[in-house]
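Task: produce atomic coordinates for the following.
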Amino acid sequence: QLVLVESGGGLVQPGGSLRLSCAASGVPLDDYAVGWFRQAPGKEREGVSCISSISSSTGSVYYTDAVKGRFTISRDIAKNTVYLQMSSLKPEDTGTYYCSPKEYCSGYLTALGFDYWGQGTQVTVSS
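Predicted coordinates:
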């Protein structure tokens with residue numbers, strides 16, 4: 001049974017950094033593409049970034065335009081964990097962040113086909 005645990009969120013000032021972790025048990029994350037998503041109060045869940053599976057020949061990573069150049073997604077196979085390094089944080093980055101695996105990254109911007117979720121980790125960017 002897949003269990004996802006997101007962690008690393010917190011309160012940070014604008015311009016600050018956080019590293020989110022997505023730890024999995026029950027399945028090897030490297031067999032899947034893994035997306036990071038966020039949901040602000042009153043808004044739909046949106047895709048932030050996605051990393052393709054290890055078996056994918058592309059080895060691709062994807063970012064929504066709002067976070068390009070500020071966020072970096074990576075994975076640690078040995079720890080069965082996917083990270084989201086967030087820098088130059090802005091108030092509009094505030095929200096609950098979730099990770100989710102799927103066969104491919106396609107559809108990640110709208111979370112299409114991403115069916116497994118953890119409890120999320122709260123990120124608040126405020127002075």
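
CA atoms for contacts and neighbours, from now on please.
Noted.

Next, name the residue at the spatial heart of the protein.
The centroid of the chain falls nearest to Trp36 when counting by CA atoms, centre = their mean (2.0 Å).

what sits against that residue?
Trp36 makes contacts with Gly47, Val48, Ser49, Cys50, Leu84, Tyr97, Tyr98, Cys99, Ser100, as judged by CA atoms under 8 Å, 6 or more residues apart in numbering.

And the second one, how far from Gln13?
Which is Val48. With the distance defined as CA to CA, to the nearest Å, Val48 ends up 20 Å from Gln13.

ok, those two, which is more surrounded?
Taking neighbours as other CA atoms under 10 Å, Val48 and Gln13 compare with Val48 leading, 27 against 14.

secondary structure element for the more buried one?
If you go by DSSP states H and E, Val48 is part of strand 46-51.

I'd like the average pLDDT over that strand.
Strand 46-51 shows a mean pLDDT of 97 in the predicted model.

Going by distance to Leu2, which of the contacts of Trp36 wins?
Ser100 (10.3 Å; CA to CA).

Quick check, that closest one in contact with Gly113.
No - between Ser100 and Gly113 there is no contact under CA atoms under 8 Å: 9.8 Å.

any low-confidence regions in the chain?
57-58 (pLDDT under 70).

hmm, 90 instead?
Within the chain, the stretches with pLDDT under 90 are 1, 30, 54-59, 107, 109.

For it, which segments are assigned as strands?
When assigned using DSSP state E, the strands of the chain occupy the ranges 3-7, 10-12, 18-25, 33-39, 46-51, 61-63, 71-76, 81-86, 95-102, 121-125.

No further questions, thank you.
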